[in-house]
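**Student:** I'd like to go over a predicted model; first the sequence, then the structure.
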Amino acid sequence: MQSRQQIIDFCERSEIEVLLLPEEFDGAIVGLSIKFNEYSVTYDARKCIECLIAHDDMDEESAIEYFEFNIAGSYVGSNTPTFIVDIM
């Protein structure tokens with residue numbers, strides 16, 4: 001698991017741009033992923049939902065819906081964050 005600051009430092013050293021979600025999702029950061037030489041921050045989807053429940057006072061169903069539509073469902077360019085999903 002990487003911290004926001006570790007990712008920022010790496011990106012500055014490597015002169016790459018990545019998109020980070022709001023700080024309340026820092027506990028869900030897994031690391032960086034790369035696809036076709038484009039980096040993006042990778043988050044644990046379940047932990048993002050837990051962050052919404054804890055920080056935004058949502059129930060689980062609302063948090064899942066919000067995450068799927070507003071976060072995972074948003075494309076904001078080539079370095080849009082990626083999410084690891086537990087399929088069990």
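**Tutor:** Ah, there it is.
**Student:** alpha carbons only for contacts and neighbour counts from here, please
**Tutor:** OK.
**Student:** In this protein, what residue spans correspond to helices?
**Tutor:** Along the chain, counting by DSSP state H, helices occupy 4-14, 45-56, 60-66.
**Student:** Reformat those helices into a markdown table and put distance to I84 next to each item.
**Tutor:** Shown next, in a markdown table, are the helices of the chain (distance: least, Cα to Cα, whole Å):
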| stretch | distance to I84 |
| --- | --- |
| helix 4-14 | 17 |
| helix 45-56 | 6 |
| helix 60-66 | 14 |
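**Student:** out of the ones you listed, deepest packed?
**Tutor:** helix 45-56 (a mean of 18; mean count of other Cα atoms under 10 Å).
**Student:** And it, what does it pack against?
**Tutor:** Under the contact definition 3 or more Cα pairs under 8 Å, 6 or more residues apart in numbering; DSSP states H and E, helix 45-56 sits against helix 60-66.
**Student:** What are the contacting residues of the helix it packs on?
**Tutor:** For helix 60-66, contacts defined as Cα atoms under 8 Å, 6 or more residues apart in numbering pick out 49-50, 52-53.
**Student:** What count of nearby residues applies to N37?
**Tutor:** Per other Cα atoms under 10 Å, the neighbour tally for N37 reads 7.
**Student:** quick one, what contacts it?
**Tutor:** Counted by Cα under 8 Å, 6+ apart, N37 has zero contacts.
**Student:** how close does it get to E68?
**Tutor:** N37 sits 26 Å away from E68, going by Cα to Cα, to the nearest Å.
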